[in-house]
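**Student:** Sequence and computational prediction follow.
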Amino acid sequence: MPAPFVAPDSPFGDWDGTPAGARLLQRELARQVLLQDDFPVLRLVAGVDVGFEEAGHVTRAAAVLLDVETLEPLAERLVRMPTSMPYIPGLLSFRELPAVLHALAELPQVPDLVFCDGQGIAHPLRLGIAAHLGVVSGLPTIGVAKKILVGTHAELGPRQGDQVDLVYRGDVVGTVLRSKDRVRPLIVSPGHRVSLANAPRLVMACVTRYRLPEPTRLADRLASRRVGRGGPQPG
DNA sequence: GCGACAG
DNA sequence: ATCTTGTCGC
């Protein structure tokens, strides 16, 4: 019997619904983040992402399960639910996590590691969506963002694999990583149960011919309904 | 007080 | 995130 992932009752505890209350909860959950590699095996990786329909009134969350060796998708799930909150910088997880947890719970097996579109600890309160997802689900997570939310960094080299630290308030909170030659870098930060040093390595291990690592890329395509048409063929 | 600001 | 066609460059 495959072990299903069980979504927690609420990723927000007894949140009062206000932005101020959300920040109090973020501080509390941030204390539970583990920045050490803690996954005995690594065979199944998942990618999760969110898109919107109906002018934003409907939230679509996608979860894709892949074999970490072949990077081939083993299962894909999509869930739709009414959007509950607007986008507020710093509070992204409060808008997207409910749908993401449901999509994850639909997967036939529990992943050993989850790639999340957005920041891990590279966040004003060290609790970006990847870190939040990790703490409430208990799963190891990594944040892979396309833009910086907070932090600064030294100039980055132009070649694939080049990387520099992302520093925020004197702390290294992530890595600015060039996943392919001459493309805009990815912002990688640990979410939960993954170390700062290993996060970029795990991301590079999942990169094929595109800028985004496969878990994130496939989830992104599904959530943004860009699947089924276009795209280069293998060869 | 003035910007900056993941998706 | 999303609205949107063709186009420039590797």
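**Tutor:** It's in.
**Student:** Leaving out chain neighbours, which residue sits closest to A:Ala61?
**Tutor:** A:Ala99 (3.5 Å; Cβ to Cβ, 6 or more residues apart in numbering). In this view, the C-beta of every residue, glycine as well, is placed from N, C-alpha and C.
**Student:** Give me the pLDDT for the one you found.
**Tutor:** Looking at A:Ala99, its pLDDT reads 98.
**Student:** how close does it sit to DNA strand C?
**Tutor:** A:Ala99 is 12 Å from DNA strand C, where distance means Cβ to the nearest atom of the strand, to the nearest Å.
**Student:** wait, is that residue part of a strand?
**Tutor:** No. Looking at A:Ala99 with DSSP: H, G, I helix; E, B strand; the rest coil, it is helix, so not inside a strand.
**Student:** where does A:Pro140 fall, phi/psi-wise?
**Tutor:** phi -70, psi 130 (degrees, to the nearest 10).
**Student:** I'd say it and A:Asn198 touch.
**Tutor:** No. The criterion here is Cβ atoms under 8 Å, and A:Pro140 misses it with A:Asn198 at 10.1 Å.
**Student:** More neighbours: which of these two?
**Tutor:** Per other Cβ atoms under 10 Å, whichever of A:Pro140 and A:Asn198 has more neighbours is A:Pro140, with 22 against 16.
**Student:** quick one, what contacts that one?
**Tutor:** For A:Pro140, the contact set (Cβ atoms under 8 Å, 6 or more residues apart in numbering) comprises A:Asp38, A:Phe39, A:Asp112, A:Leu113, A:Val114, A:Gly134, A:Gly191, A:His192, A:Arg193, A:Val194.
**Student:** now A:Leu196
**Tutor:** Contacts were defined as Cβ under 8 Å, 6+ apart; by that measure A:Leu196 touches A:Leu35, A:Val172, A:Val173, A:Gly174, A:Thr175, A:Ser189, A:Pro190.
**Student:** if we go to 7 Å?
**Tutor:** Under the criterion of Cβ atoms under 7 Å, 6 or more residues apart in numbering, the neighbours of A:Leu196 are A:Leu35, A:Val172, A:Pro190.
**Student:** Provide the secondary structure category for the closest residue to the second one other than its chain neighbours.
**Tutor:** Spatial nearest neighbour of A:Val172, excluding adjacent residues (Cβ to Cβ, 6+ apart): A:Asp165 at 4.6 Å. Secondary structure of A:Asp165, reduced to three states by three-state DSSP: strand.
**Student:** how many other residues sit next to whatever residue of chain A ends up closest to DNA strand C?
**Tutor:** In chain A, the residue that lies nearest DNA strand C is A:Gly51 (3.0 Å; Cβ to the nearest atom of the strand). By the criterion of other Cβ under 10 Å, A:Gly51 has 21 neighbours.
**Student:** what are the phi and psi angles of it?
**Tutor:** Torsion angles at A:Gly51 (phi, psi; degrees, to the nearest 10) stand at phi -140, psi 180.
**Student:** That one against A:Arg221, yeah?
**Tutor:** No. A:Gly51 is not in contact with A:Arg221 according to Cβ atoms under 7 Å; the separation is 9.5 Å.
**Student:** Relative to the host helix or strand of A:Phe115, what are the paired strands and their orientations?
**Tutor:** In the assignment (DSSP states H and E), A:Phe115 maps to strand A:113-117. Paired strands of strand A:113-117, with direction, are strand A:44-53 (parallel), strand A:141-145 (parallel) (DSSP bridges).
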